[in-house]
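[1] have a look; sequence and predicted model below, questions after that.
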Amino acid sequence: DLIVHVRDITHPETILQKATVLSVLKNLNLPSHLLDSIIEVHNKVDLIERYKPTEKNALAISALHGHGLEELKQEIEKKILTATGKKILTINVNLEGPQLSWLYKEATVQEVEVMPEDGTARVKVIISSSAFGRYKNLFPN
């Protein structure tokens, strides 16, 4: 669904390495949408004073120090959701009904926050549009 190209931006041949990787990927006859959505990551930016990527849409990180990793995670999540046609939703469910069980079968449940005072839960899920449509038809309230 997604290609993440991580480069050692301090390597003296980093530009040539990028060209080589892109050439190999193109020779694999991958779908164009996959090649067009590559996430370009420049690693080891902690070794270059005040580093700013000159390439469009490149993310600067330092894996060693954790700099930029949250932004990378968000970008990966966004592109994966776009590529798969899924979304992240928080749904309120009645714990006495079958909704939570249905969500576990038909979606990816990420978090469940139970509200014992009213017998409900807030459920954070990754779900396709079609599955969410079925959910709304089955459980209109």
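    All right, it came through fine.

[2] mind listing the strands for the chain?
    4-8, 39-43, 59-60, 86-94, 108-115, 120-128 (DSSP state E).

[3] tell me what the shortest one is packed against?
    Counting contacts by 3 or more CB pairs under 8 Å, 6 or more residues apart in numbering; DSSP states H and E, strand 59-60 packs against strand 39-43, helix 69-84. For every residue, glycine as well, the C-beta is placed using N, CA and C.

[4] can you check which of the ones you listed gets nearest to Glu49?
    strand 39-43 (14.3 Å; CB to CB).

[5] what residues sit buried inside the closest one?
    39-43 (16 or more other CB atoms under 10 Å).

[6] with stretch 59-71 instead?
    59-62, 68.

[7] list the contacts of Thr90.
    By CB atoms under 8 Å, 6 or more residues apart in numbering, the contact set of Thr90 is 122-125.

[8] filter those residues down to the buried ones, ChimeraX style.
    To isolate the buried ones among the contacts of Thr90 in ChimeraX, judged by 16+ other CB under 10 Å, type:
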select :123,125
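
[9] any idea how far Asp46 is from Glu75?
    Using CB to CB, to the nearest Å, one gets 19 Å for the distance from Asp46 to Glu75.

[10] thinking again about what came up before, the helices and strands packed on strand 59-60: lowest mean pLDDT?
    Ranked by mean pLDDT, these bottom out at helix 69-84, with a mean of 94.

[11] same for the helix or strand bottoming out on mean pLDDT in the chain, what does it pack against?
    Comparing every helix and strand of the chain by mean pLDDT, DSSP states H and E singles out helix 32-36 as the least confident one, with a mean of 90. With contacts defined as 3+ CB pairs under 8 Å, 6+ apart, helix 32-36 has these neighbours: helix 14-27.

[12] fine, thanks again, bye for now.
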